[in-house]
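1. Need coordinates for the following:
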Amino acid sequence: MSQIVTVPNAVLRQVAKPVDALNTRVQSILKDMEKTLKTAKNPQGVGLAAPQIGLPLRIFMIRPVKNGPVTAFINPEITHYSQRTTHPTSKKGVYEGCLSVPHHYAPLERSASVTIRYQTLNPQPSTLKTVQKTYSGFSAHVIQHEMDHLNGILFIDRVLEQNAKLFRMKGKNDWEEVTL
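-> Numbering: from 1, shown residues only. Okay, here's the model as predicted:
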């Protein structure tokens, strides 16, 4: 299991490189990332990109449902963003956070659905298969966040871009607005 890197680690600002082949190194990275994502607590991890474990590779994983399956995305490319967006208006909405910027959250606007083309592991035999799929709701939100990681963009950049409020969680239910 890898340690999650946090700001200001320079790898978080790099544009990740494509994965050329499914070799033993990449298979090991995929296993390690899945374990790291599943064990991320406080906050619970719903997505993890390879740069967050110090590897500038175009890989991320999502697990939008607690104890649900993990989906690996290798060399992903969003081919369509919906015009409809989601934007939380209260702390009861989806506030975006990041394992690499712990305990900070913001109400960010994202496309309500995305179509993404990616490779994923085909277990028998161990090969990569290409998939194109449309995701909506929370999964789409997480995918957009993780794609940003692959492009060296952090959610705090989106906070500034959208002029959104940024909050730090202090304790279980105590929020404090902070400035960047």
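2. where does this protein have low pLDDT?
-> Scanning the chain with the threshold set as pLDDT under 70 gives 89-94.
3. which residue ends up closest to the midpoint of it in space?
-> Glu146 (2.8 Å; Cα atoms, centre = their mean).
4. Name whatever forms a beta bridge with the closest residue to it other than its chain neighbours.
-> Of all residues not flanking Glu146 in the chain, Phe60 sits nearest, at 3.8 Å (Cβ to Cβ, 6 or more residues apart in numbering). In short, each C-beta sits where N, CA and C put it, glycine included. When bridges are called by DSSP bridges, Phe60 pairs up with Ala49, Phe73.
5. Next, count neighbours for Phe60.
-> 28 (other Cβ atoms under 10 Å).
6. And for Lys38?
-> Every residue meeting other Cβ under 10 Å relative to Lys38 is counted, giving 16.
7. again with Phe138
-> For Phe138, the count of nearby residues is 15 (other Cβ under 10 Å).
8. Report the contact partners of the residue nearest to it when sequence neighbours are not counted.
-> For Phe138, ignoring the flanking residues on the chain, the nearest one in space by Cβ to Cβ, 6+ apart is Pro64 at 5.1 Å. By Cβ atoms under 8 Å, 6 or more residues apart in numbering, the residues touching Pro64 are 46-47, 138-139, 142.
9. Could you turn the buried ones of the residues you listed into a ChimeraX selection?
-> Here is the ChimeraX command that selects the buried residues among the contacts of Pro64 (16 or more other Cβ atoms under 10 Å):
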select :46,47,139,142
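10. Please render the contacts of Pro64 as TSV that adds secondary structure to the earlier fields.
-> TSV is the format used below for the contacts of Pro64 (DSSP: H, G, I helix; E, B strand; the rest coil):
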residue	secondary structure
Val46	coil
Gly47	strand
Phe138	helix
Ser139	helix
Val142	helix
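11. The contacts of Pro64: which two are farthest apart?
-> Gly47 and Phe138 (10.3 Å; Cβ to Cβ).
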